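give me coordinates for this.
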Amino acid sequence: MRLFKFSALAAAVALAGCVDVDLTTTITGADSAQVSGYMEIQRQMLDMMGGSEAFCDQAEGGTLTVTDTTARCDMVVNGTFAEVFQGDEPKPTATDQGDGTVLVSFPIGAMTADSAEMRNDPQSAAMMRPMLEGHTFTVRVAGAEIVSSNGEIAADGHSASFTMPLVEMLNPEFNPPATFDTVVRY
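Sure, this is the predicted structure:
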């Protein structure tokens, strides 16, 4: 399961609640990256999704850990940008800038667009609020040096992140950035 397929699944499950997602894309060259991270859901959600393969495909780099209460898919994928960002639109992009840097862009607005339906339906919002409380969706870009980002740059300057508490999707003023953009030196 490549990064976008994983993050698209994560966004869909996030809209259903009860999920935590933390993904890091480490730029390792002009056209190469390592994607690592996890998605964790409640065990009941795994059963509703039809089992482990729908959630965490071992053939695509996933390692599934299941307890009585949770299911966690840990991912490590290495490859070219085309390999790690494969999938349908909207998907993240990585563009070599030709100067030892890469612009990485995650389509946050498009990935969260379906949340408008929940916000506009007070009954759905009330039902979803307890399931979304305390859960987050985090994407991070890392490399030798973060040149610029509209996300939060770590103190060491080697990564930038965008974290969204999922309950914010129910806020009527919810207005995520269209993209989370980072220029990173490899």
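
pretty sure residue 146 contacts residue 161?
No. Under the criterion of CB atoms under 8 Å, residue 146 makes no contact with residue 161, lying 10.0 Å away. In short, each C-beta sits where N, CA and C put it, glycine included.

list residues touching both of the two?
Counting by CB atoms under 8 Å, 6 or more residues apart in numbering, the contacts common to residue 146 and residue 161 are residue 154.

now the strands for this protein?
19-29, 32-42, 62-66, 70-79, 93-96, 101-106, 136-142, 145-149, 152-153, 159-165, 180-185 (DSSP state E).

so can I have CSV of these showing mean neighbour count?
Shown next, in CSV, are those (neighbours: other CB atoms under 10 Å):
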stretch, mean neighbour count
strand 19-29, 20
strand 32-42, 21
strand 62-66, 15
strand 70-79, 18
strand 93-96, 17
strand 101-106, 23
strand 136-142, 23
strand 145-149, 18
strand 152-153, 14
strand 159-165, 19
strand 180-185, 23
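
pipe those into CSV and attach mean pLDDT per row.
Listed next are those as CSV, based on pLDDT from 0 to 100:
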stretch, mean pLDDT
strand 19-29, 94
strand 32-42, 92
strand 62-66, 92
strand 70-79, 92
strand 93-96, 96
strand 101-106, 97
strand 136-142, 94
strand 145-149, 98
strand 152-153, 98
strand 159-165, 95
strand 180-185, 98
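
can you list those in JSON lines and add distance to residue 114?
Formatted as JSON lines, these follow (distance: least, CB to CB, whole Å):
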{"stretch": "strand 19-29", "distance to residue 114": "14"}
{"stretch": "strand 32-42", "distance to residue 114": "17"}
{"stretch": "strand 62-66", "distance to residue 114": "24"}
{"stretch": "strand 70-79", "distance to residue 114": "21"}
{"stretch": "strand 93-96", "distance to residue 114": "21"}
{"stretch": "strand 101-106", "distance to residue 114": "16"}
{"stretch": "strand 136-142", "distance to residue 114": "13"}
{"stretch": "strand 145-149", "distance to residue 114": "25"}
{"stretch": "strand 152-153", "distance to residue 114": "25"}
{"stretch": "strand 159-165", "distance to residue 114": "14"}
{"stretch": "strand 180-185", "distance to residue 114": "18"}
